[in-house]
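Chemist: Need the 3D shape of this:
(one chain, ligands or ions: 1)
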Amino acid sequence: MAGNRATLLIMAGDGIGPEVLAESRRIAEWFILRRGLAAVLTEELFGLAAYRKHGRLLGEDALPRMRAADAILFGATGGLSFAELPPEVGKSDSLLRIRKALDLYANLRPIKALPALAEASTLKARAREGTDLVIVRELSSGIYFGEPRGVETLPDGRRRGINTHSYTSDEIERVARVAFELARKRRNHVTSVDKANVMEAGKLWREVVEALHDADYADVGLSHMLADNCAMQLVRAPHQFDVLLTDNLFGDLLSDGAAMIAGSLGMLPSASLGPVGPDGRRSALYEPVHGSAPDIAGRGIANPLGAILSLALALEWSLGRPADARLLESAVARALDEGARTADIMHAGAKQVSTRGMGDAVLASLERLARG
Ligand code: NAD
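Modeler: This next block holds a predicted model:
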């Protein structure tokens with residue numbers, strides 16, 4: 001907090017990150033000016049921009065600033081120029097480091113089939129219609145963090161790459177709790193995803209989720225689904241899901257696939273939440289699900305809606321402004337209803353706009369909705 005104002009820390013990062021975050025920033029400023037949002041916007045370099053200035057992807061005082069912030073608005077990391085960095089710089093590991101350092105264990109990825117984007121989706125309208133689900137992905141453990149890891153050379157000269165998929169029961173329980181709590185506010189059903197048929201860690205995952213359900217959440221519907229079947233069900237009949245609970249790896253894969261329900265990866269927002277401290281505060285980082293998209297970076301054509309909808313999640317989860325979150329979601333839906341389309345969701349008869357043009361369309365909708 002800065003006085004009685006919340007601190008929003010903007011970390012645009014690499015590739016299209018700065019392009020999409022510029023639009024989130026304009027919209028955050030609109031909420032400060034027009035809706036009395038008590039917040040201060042500050043910025044922190046991250047990624048290649050930070051490397052050029054500090055010789056590191058993450059500046060020295062960045063983590064304390066991130067811990068002190070009420071919400072972090074993050075863009076993206078990674079890209080072709082990372083190949084030019086010296087190996088000791090940590091490369092794209094840095095976002096993983098942030099997730100670990102802030103203990104951001106619960107990653108919420110809402111996915112909605114907005115009617116206006118029926119044409120943009122590769123799924124048939126009848127398959128996606130009515131879909132409104134949230135993937136709750138465990139974010140600070142599992143195979144992306146497990147030890148041992150590395151590449152070793154065997155005595156016979158062959159090389160072996162190793163990563164370890166491991167979960168402790170408390171890591172599973174705390175993210176499952178987030179999923180059950182969220183389901184209670186929605187349609188009251190959790191589908192827990194694992195590979196309990198072939199993985200011991202998956203068996204433990206299922207046991208812990210089941211035990212927590214029986215002890216504390218017997219009023220919430222619970223089913224278990226194998227991850228491979230889940231991938232198929234997400235494109236066959238996604239409206240069957242309310243809250244999908246996954247580990248780190250399965251959540252990463254399933255949510256990119258599920259992006260086609262929305263119509264584009266550029267549409268998906270996310271919230272990464274840490275534990276609630278004794279003072280009631282929690283670290284929280286909001287970022288679009290997509291990466292730095294080097295193939296379109298610098299052209300002003302990226303879809304900023306995943307980033308803008310991430311701001312809506314921040315309004316809801318960190319800033320105590322659920323009505324403003326709904327307002328922003330409505331403004332996004334309205335901009336799309338009125339035909340604004342970035343290249344990734346473009347179809348015949350719609351109006352193609354730039355990244356900035358989509359920001360303008362959302363701001364115009366906000367103005368009209370605020371006037372009533
Ligand atoms: P990506 O998400 O960057 O892009 C995948 C595809 O989707 C590309 O064709 C891209 O043009 C398109 N796309 C993504 N976002 C878009 C948007 N907002 N509007 C329009 N089109 C969009 O994934 P990638 O190409 O596999 O990875 C590129 C880099 O991003 C890699 O270095 C990867 O490690 C990194 N990455 C970072 C994050 C993150 O910052 N959280 C997430 C995923 C990947």
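Chemist: Give me the below-cutoff pLDDT ranges for the stretch 1-150 of the chain.
Modeler: By pLDDT under 70, the weakly predicted segments of the stretch 1-150 of the chain are 1, 80, 90-93.
Chemist: Near the ligand, which residues of it are found?
Modeler: Applying Cβ under 6 Å from any ligand atom, one finds that the stretch 1-150 of the chain approaches the ligand through 16, 20, 76-79, 92, 95. For the C-beta atoms, the positions are set from N, CA and C on the backbone; glycine is no exception.
Chemist: Tell me which two of these sit farthest apart.
Modeler: Val20 and Ser92 (17.9 Å; Cβ to Cβ).
Chemist: who's more crowded, these two?
Modeler: Taking neighbours as other Cβ atoms under 10 Å, Val20 and Ser92 compare with Val20 leading, 30 against 16.
Chemist: Give me the buried positions along the helix or strand hosting the more buried one.
Modeler: If you go by DSSP states H and E, Val20 is part of helix 17-35. Across helix 17-35, burial judged by 16 or more other Cβ atoms under 10 Å covers 17-28, 30-32.
Chemist: Tell me the helix or strand right after that helix.
Modeler: Going down the chain from helix 17-35, the next helix or strand is strand 39-43, by DSSP H and E.
Chemist: Just the C-alpha atoms of that following strand, please, in CSV.
Modeler: Provided in CSV are the C-alpha atoms of strand 39-43 (Å, rounded to 0.1, in the frame of the first residue of the first chain):
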residue,chain,number,x,y,z
ALA,A,39,-4.3,2.7,-6.6
VAL,A,40,-0.9,3.9,-7.7
LEU,A,41,0.8,2.5,-10.8
THR,A,42,4.5,1.8,-10.7
GLU,A,43,6.8,-0.1,-13.1
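Chemist: Next, the buried residues of that strand.
Modeler: Across strand 39-43, burial judged by 16+ other Cβ under 10 Å covers Ala39.
Chemist: continuing past it, what's the next helix or strand?
Modeler: The helix or strand immediately downstream of strand 39-43 is helix 48-54, counting by DSSP H and E.
Chemist: Can you give the distance from that following helix to the centre of its chain?
Modeler: 24 Å (Cα atoms, centre = their mean, to the nearest Å).
Chemist: what element comes up after it heading to the C-terminus?
Modeler: helix 62-68.
Chemist: What residues of that following helix count as buried?
Modeler: For helix 62-68, by 16+ other Cβ under 10 Å, it's 62, 65-66.
Chemist: Please convert those to CSV, extending it with distance to Leu253.
Modeler: Conversion of the buried residues of helix 62-68 to CSV gives the following (distance: Cβ to Cβ, whole Å):
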residue, distance to Leu253
Ala62, 29
Arg65, 32
Met66, 27
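Chemist: Number of residues surrounding Leu328?
Modeler: Around Leu328 there are 28 residues (other Cβ under 10 Å).
Chemist: by contact count, what packs against the helix holding Val20?
Modeler: Helix 17-35 sits against strand 6-13, strand 39-43, strand 71-76, helix 305-317, helix 322-337, helix 355-371, with contacts defined as 3 or more Cβ pairs under 8 Å, 6 or more residues apart in numbering; DSSP states H and E.
Chemist: Which single one of the buried residues of helix 17-35 is nearest to the ligand?
Modeler: Checking those against the ligand with Cβ to the nearest ligand atom, the nearest one is Val20 at 5.9 Å.
Chemist: List the contacts of that closest one.
Modeler: Val20 makes contact with 75-76, 288, 302-304, 306-308, 355, according to Cβ atoms under 8 Å, 6 or more residues apart in numbering.
Chemist: give me that answer again for 6 Å
Modeler: Listed by Cβ atoms under 6 Å, 6 or more residues apart in numbering, the contact set of Val20 reads 302, 304, 307.
Chemist: now do Thr77
Modeler: Counting by Cβ under 6 Å, 6+ apart, Thr77 has contacts 13-14, 47, 92, 95.
Chemist: Kindly recompute the last result at 10 Å.
Modeler: Neighbouring residues of Thr77 by Cβ atoms under 10 Å, 6 or more residues apart in numbering: 11, 13-15, 17, 46-48, 57-58, 91-96, 98, 287, 291-292.
Chemist: How about the stretch 101-250 of the chain: which residue is closest to the ligand?
Modeler: With Cβ to the nearest ligand atom, the shortest gap between the stretch 101-250 of the chain and the ligand falls at Asn107, namely 10.1 Å.
Chemist: returning to that earlier point: for ChimeraX, what selects the buried ones among the contacts of Thr77?
Modeler: Buried members of these, defined by 16+ other Cβ under 10 Å, are picked up in ChimeraX with:
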select :11,13,14,15,17,46,47,48,57,58,92,94,95,96,98,287,291,292
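Chemist: residues from the stretch 151-300 of the chain in reach of the ligand?
Modeler: So far as Cβ under 6 Å from any ligand atom goes, the stretch 151-300 of the chain lies against the ligand at 265-266, 287, 290-296.
Chemist: Please check those and keep the buried ones.
Modeler: Buried by 16+ other Cβ under 10 Å: 265-266, 287, 290-294, 296, out of those.
Chemist: Quick one: classify the residue of the stretch 51-200 of the chain found nearest the ligand as helix, strand or coil.
Modeler: The nearest approach of the stretch 51-200 of the chain to the ligand comes at Gly78, 2.3 Å away (Cβ to the nearest ligand atom). With DSSP: H, G, I helix; E, B strand; the rest coil as the basis, the three-state label of Gly78 is coil.
Chemist: contacting residues for it?
Modeler: 13-15, 17, 47-48, 91-92, 94-95, 291-294.
Chemist: quick one: which of those is nearest to Gly339?
Modeler: Among those, Ala293 lies closest to Gly339 (Cβ to Cβ), at 23.5 Å.
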